[in-house]
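1. 3D, please:
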Amino acid sequence: MGQGLTGARRSGRYPHSYTYLIVKSVPAFEHEGGTLTFTPDGDGTHVDWVSSYTHPAKGGGKAVEALTSRLLPWNFRAILDGCAKVLER
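-> As a prediction, this is how the structure comes out:
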């Protein structure tokens, strides 16, 4: 399944949070916004990543939401784990 982000808007309170809105994507979905919040944690940083979205009926609706609700958290963890590995070098 191909996925692509074709546009996003961002704002934030650096260095404590980063808020974004995806405005166009494949597959299509209605993004209500996402926020990454960064909290010092010992020698590192704890990251909370929250994102809210729905898929329109013409884009697969609830069936696609059931799939992406499982895939997106896995992808978020993979991204953050990759960042941690780079920073630990």
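
2. pLDDT (mean, whole number) over the one helix or strand L71 maps to?
-> Element membership for L71, per DSSP states H and E: helix 61-87. What helix 61-87 shows for mean pLDDT is 87.

3. How about it, which residues are buried there?
-> For helix 61-87, a neighbour-count test (16 or more other Cβ atoms under 10 Å) marks 64, 68, 76 as buried. (Glycine included, C-beta is placed from N, CA and C.)

4. List the beta-bridge partners for Y18.
-> Beta-bridge pairing of Y18 under DSSP bridges involves G12, L36.

5. is it true that it touches V47?
-> No - using Cβ atoms under 8 Å, Y18 is not in contact with V47, being 9.7 Å away.

6. Quickly list what's touching both of the two.
-> Here Y18 and V47 have 36, 38 as joint contacts, going by Cβ atoms under 8 Å, 6 or more residues apart in numbering.

7. Between the buried residues of helix 61-87, which sits nearest T39?
-> The shortest approach to T39 among the buried residues of helix 61-87 belongs to F76, at 16.2 Å (Cβ to Cβ).

8. The residue nearest to that closest one when sequence neighbours are not counted is in what secondary structure piece?
-> Once flanking residues are discounted, F76 sits nearest to W49: 4.9 Å by Cβ to Cβ, 6 or more residues apart in numbering. Assignment of secondary structure by DSSP H and E places W49 within strand 44-54.
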